[in-house]
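*Asks:* give me a model of this one.
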Amino acid sequence: MTHSTEDFPLWGGVATVMVEEPGRLGAARRAVDQVIDDIDAACGAFRDDSELARVNAAAGRQVQVGATFLAVLWTALQACELTGGLVDPLVGGRGAGSGTVVIDDPPGTVMIPAGTTLDLWGMAVAFAADRAAEAAAGEAGCGVCVCFPGSVATAGRLPDAGWPVHMAGGRGQAHRDEPHHGQRIVLRAPGLATSFLPAPAHPARRVGANLIGRPRIVPRADRARPSVGEHRPWSAVSVIGLCCVAAKAASIAALASGNTAATWLGSRELRARMVDADGGVTTVGSWPAGPFRPPPALKREPAFSC
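*Replies:* Okay, here's the model as predicted:
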């Protein structure tokens, strides 16, 4: 495969920008950096001055926010609606999903109920990957693949050989020949996202202390602490989608579905890779991905806007 690649540290992990044509990497990287700065100012999980931090600190009062924050928030709320509440950005209150997020646009203000917080980081990273890939492809004038922690997006011309992407580790019947450290696939779709359940030993960790790629948007089904001995079937779910945001929402929803995750994903004809607590791997659909075709089920199920 002929392409140029650059890795750099991002949000406690490693990000990668790949371009189809050597010599276009600099232009792509500059476009990606602009998106990163914009998302970080709006929803940054590792800074106290982000708009997200201000909204959470002012729960019960209106806060002025910018266009990027509103776009991420609307995306998260749409994911909540289309997954039947399995992906819920509003945490706290008298019960999961209680209360209403009040958006007044214009003038561009947001208010969340007192005693609640918004958890947007997982969706914000996926949103950033989609936006960065589109911006980089436009600036570089060639195919681009952007890999942020837990989120991958492509835009522009698809290379004949696809994009090489490394998956989290696991062992299982589906891929007996994969190395212990994970699986490398060829991505020929617009989006790929992986979500992880928080470690059981740290159920109350805030996002700032979490490993990147383990979003603090805890699936509704996981918010109630499990009883002693209760089985958590999946520790990680990766999903290929029509965009990274759709893939991220589906991966979080699948985690929340527990033992029925394969059925939930299969009913939407999504391609997914699920890793259990012991590292065993189960796949759904035609994984690893072949040439991308929009799943027929998306004509019957609500689709995420990208």
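
*Asks:* remind me which residues of the stretch 201-306 of the chain are low pLDDT?
*Replies:* Within the stretch 201-306 of the chain, the stretches with pLDDT under 70 are 201-232, 288-306.

*Asks:* quick one, phi/psi of residue 265?
*Replies:* phi -70, psi -40 (degrees, to the nearest 10).

*Asks:* wait, isn't it in contact with residue 239?
*Replies:* Yes: in this structure, residue 265 is within contact of residue 239 by C-beta atoms under 8 Å, at 7.0 Å. No exception for glycine: its C-beta is placed from N, CA and C like everyone else's.

*Asks:* neighbour count: these two, which is higher?
*Replies:* residue 239 (29 against 23; other C-beta atoms under 10 Å).

*Asks:* now the strands: where do they sit in the stretch 101-250 of the chain?
*Replies:* 102-104, 109-111, 116-118, 144-148, 151-155, 163-167, 183-187, 191-196, 236-241 (DSSP state E, counting those that start in this stretch).

*Asks:* would CSV of the ones you listed with distance to residue 269 be doable?
*Replies:* Below are those laid out as CSV (distance: least, C-beta to C-beta, whole Å):
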stretch, distance to residue 269
strand 102-104, 33
strand 109-111, 35
strand 116-118, 31
strand 144-148, 24
strand 151-155, 20
strand 163-167, 20
strand 183-187, 18
strand 191-196, 15
strand 236-241, 11
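
*Asks:* out of these, nearest to residue 46?
*Replies:* The closest of those to residue 46 is strand 144-148. By C-beta to C-beta, the value is 13.9 Å.

*Asks:* so what are the sheet partners of that closest one and their directions?
*Replies:* strand 13-19 (antiparallel), strand 151-155 (antiparallel) (DSSP bridges).

*Asks:* now the angle from the longest one to strand 163-167?
*Replies:* Relative orientation of strand 13-19 with respect to strand 163-167: 160 degrees, computed using axes from the mean of the first three to the mean of the last three C-alpha atoms, to 10 degrees.

*Asks:* next structured bit after strand 13-19?
*Replies:* For strand 13-19, the succeeding helix or strand toward the C-terminus, using DSSP states H and E, is helix 25-43.

*Asks:* looking at the sheet around the closest residue to residue 273 other than its chain neighbours, what are its partners?
*Replies:* Here the nearest residue to residue 273 in space, its sequence neighbours aside, is residue 238; by C-beta to C-beta, 6 or more residues apart in numbering that works out to 4.5 Å. Following DSSP bridges, residue 238 is listed with bridge partners residue 194, residue 273.

*Asks:* quick check: residue 238 touching residue 193?
*Replies:* Yes: contact criterion C-beta under 8 Å: residue 238 and residue 193 qualify, at 7.0 Å.

*Asks:* shared neighbours, these two?
*Replies:* Listed contacts common to residue 238 and residue 193 are residue 251; contacts here mean C-beta atoms under 8 Å, 6 or more residues apart in numbering.

*Asks:* distance of residue 115 relative to residue 56?
*Replies:* Distance of residue 115 to residue 56, given as C-beta to C-beta, to the nearest Å: 11 Å.

*Asks:* these two: which has the busier surroundings?
*Replies:* residue 56 (18 against 12).

*Asks:* helix or strand: which one has the more buried one?
*Replies:* Assigned by DSSP H and E, residue 56 belongs to helix 51-57.

*Asks:* just checking: what are the partner strands of whichever helix or strand comes after that helix?
*Replies:* As assigned by DSSP H and E, the chain's next helix or strand after helix 51-57 is strand 63-64. Looking at strand 63-64 with DSSP bridges, its partner strands are strand 109-111 (antiparallel).
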